[in-house]
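K.L.:
next come a sequence and a model predicted from it.
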Amino acid sequence: MIELENLVAGYRSFRLHPASLRFDAGKLTALIGPNGCGKSTLFKAVSGQLRAESGRIRVGGEDIARLSPRALARRLALLAQDNEVPPGVTVADLVGYGRAPHQNLLGIGDAADRVLVDRSITRMGLEDLAGRKLAALSGGQRQRAFIAMVLAQDTPAMLFDEPTSWLDIRHQVEVLRLMRSLAREGRSCITVLHDIPQAARYADEIVVMNAGRVVAHGTPQQVLTGELIERVYGLPVEIHPDPLTGTPVPVPLETV
Ligand SMILES: Nc1ncnc2c1ncn2[C@@H]1O[C@H](COP(=O)(O)OP(=O)(O)OP(=O)(O)O)[C@@H](O)[C@H]1O
């Protein structure tokens, strides 16, 4: 479980308004909101990359301010939005880095680590690319390698910042299904998504942010009203049911 209690964090020119939220284990939550509203800032605070100015963040009941970076990395993994590609590193190396927080200080992994690395590579369909250098991969292949690294970290809490960007439609669906099954395994999973129909289909809950504030939190049916989408995104929409799942789909009121 991830709990935020009156969390304030940010930069000189941008600050999150005090946020109190609970992300339960077993649930996939989608974090949505316009560009620049503070979604990545929230993730940076929860993953310890950005110090909270006030308030508390608990992961699995423990205050992250009291955890070492290594101890936090054994509890929470983050797929960042912009991942640097270290030169010379192969897919298998990168996925192996996911095990680092669990290994001794010499970085020596055991058989169980290797099994997890192999399983993560397979789960992302990267078997044929395992020996290839990241720098020589396409954007989508690289994104899948970074997701595999998060899988190998095997933490009870996982944050994904726009995991479907760069991916073709089949790989998008696979990643959405993967995040759901990671949640069903008992983890707290939170993902930033810009595709609202996908968020509504796959997420158990949706958190909506606007201008640094959490403005709604609930099930897709509860949260995704035309009034809210128009207020938050400044775009008039009509809500239609998804033809397969019945979940809400905002349709912009504009014809080409
Ligand atoms: N390192 C930084 N230093 C100063 N300001 C920053 C920094 N990173 C982000 N910001 C500012 O904080 C605000 C929120 O940015 P953030 O990246 O959290 O938005 P976001 O909701 O994730 O946006 P997007 O959907 O475009 O990814 C923006 O106004 C941005 O310019």
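P.N.:
Arrived safely. Please read all numbers here as calculations on a predicted model, not as lab measurements.
K.L.:
end-to-end on stretch 93-101?
P.N.:
Between the opening and closing residues of stretch 93-101 we find a distance of 15 Å, counting by C-alpha to C-alpha, to the nearest Å.
K.L.:
buried set for it?
P.N.:
For stretch 93-101, burial by neighbour count (16 or more other C-beta atoms under 10 Å) applies to 93-96, 98-99, 101. Placement of C-beta: from N, CA and C, glycine included.
K.L.:
repeat that for stretch 35-54.
P.N.:
In stretch 35-54, residues buried by neighbour count (16+ other C-beta under 10 Å) are 37-48, 50, 52.
K.L.:
got these as CSV, with pLDDT, secondary structure and distance to Asp24 columns?
P.N.:
Formatted as CSV, the entries for these read as follows, by pLDDT from 0 to 100; DSSP: H, G, I helix; E, B strand; the rest coil; distance: C-beta to C-beta, whole Å:
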residue, pLDDT, secondary structure, distance to Asp24
Cys37, 97, coil, 23
Gly38, 97, coil, 22
Lys39, 97, helix, 19
Ser40, 97, helix, 22
Thr41, 97, helix, 22
Leu42, 97, helix, 17
Phe43, 97, helix, 18
Lys44, 96, helix, 22
Ala45, 96, helix, 19
Val46, 97, helix, 15
Ser47, 96, coil, 18
Gly48, 95, coil, 21
Leu50, 95, coil, 24
Ala52, 94, coil, 21
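K.L.:
what's the closest of those to Ile229?
P.N.:
If you rank the buried residues of stretch 35-54 by distance to Ile229 using C-beta to C-beta, Cys37 comes first, at 13.5 Å.
K.L.:
go ahead and confirm the closest one touches Met209.
P.N.:
Yes. In this structure Cys37 lies within contact range of Met209 using C-beta atoms under 8 Å: 4.6 Å.
K.L.:
can you narrow the buried residues of stretch 35-54 to ones near the ligand?
P.N.:
Among the buried residues of stretch 35-54, proximity to the ligand is found for 37-41 (C-beta under 6 Å from any ligand atom).
K.L.:
from the ligand, how far off is the residue nearest in space to the middle of the chain?
P.N.:
Nearest to the geometric centre of the chain sits Phe160, at 1.5 Å (C-alpha atoms, centre = their mean). Here the criterion is C-beta to the nearest ligand atom, to the nearest Å. By it, Phe160 lies 13 Å from the ligand.
K.L.:
for the chain, which segments count as helices?
P.N.:
Ranges of helices within the chain are 39-46, 69-73, 91-97, 111-123, 139-153, 169-184, 196-202, 220-223, 226-233, based on DSSP state H.
K.L.:
pLDDT weak spots in the stretch 101-250 of the chain?
P.N.:
Per-residue confidence for the stretch 101-250 of the chain (pLDDT under 70) gives these ranges: 105-109.
K.L.:
one more pass at 50, please.
P.N.:
Within the stretch 101-250 of the chain, no range satisfies pLDDT under 50.
K.L.:
quick one on the thing from earlier: make TSV out of the ones next to the ligand among the buried residues of stretch 35-54 and add distance to Glu84.
P.N.:
Formatted as TSV, these follow (distance: C-beta to C-beta, whole Å):
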residue	distance to Glu84
Cys37	24
Gly38	22
Lys39	20
Ser40	15
Thr41	19
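K.L.:
between the residues you listed, which sits nearest Leu129?
P.N.:
Ser40 (27.2 Å).
K.L.:
before we move on, back to that, how about the buried residues of stretch 35-54, which pair is most distant?
P.N.:
Across the buried residues of stretch 35-54, the longest distance by C-beta to C-beta is 21.2 Å; it joins Cys37 and Gly48.
K.L.:
beta-bridge partners for Ala216, please?
P.N.:
As for beta bridges, Ala216 partners with Val208 under DSSP bridges.
K.L.:
that one against Ile206, yeah?
P.N.:
Yes. Counting by C-beta under 8 Å, Ala216 does reach Ile206; the two are 7.3 Å apart.
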